[in-house]
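1. okay, structure incoming, though there's no sequence with it:
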């Protein structure tokens, strides 16, 4: 996938409809990075999706220290 260098997560939804044959799902997971198989309907793997989002954002996080003079503070 060409994402222009932006972090991307692919949520493979509707895994509850795959039945026994998981070969299509496995192929996607082998060929596309950062895929998370989910079932929004059943809530399956939504915690994994949240973890992957958190992991992707963690690398972009920037610590900032702000200093606001007391006379500029609003109460």
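-> Arrived safely. Computed from a prediction, not measured in an experiment: that's the story for all the values here. Numbering: from 1, shown residues only.
2. my guess is residue 44 contacts residue 15, does it?
-> Yes: taking Cβ atoms under 8 Å as the contact criterion, residue 44 and residue 15 are neighbours in contact, 6.4 Å apart. For the C-beta atoms, the positions are set from N, CA and C on the backbone; glycine is no exception.
3. give me the more crowded residue out of those two.
-> Neighbours per residue, other Cβ atoms under 10 Å: of residue 44 and residue 15, the larger number sits with residue 15, 18 against 15.
4. ok now do the more buried one, which residues does it touch?
-> Residues near residue 15 by Cβ atoms under 8 Å, 6 or more residues apart in numbering: 25, 37, 38, 39, 44, 45.
5. with residue 39 instead?
-> Contacts of residue 39 by Cβ under 8 Å, 6+ apart are 13, 14, 15, 16, 45.
6. would you map the helices across this structure?
-> For the chain, the helices defined by DSSP state H occupy 23-31, 46-58.
7. good, wrapping up.
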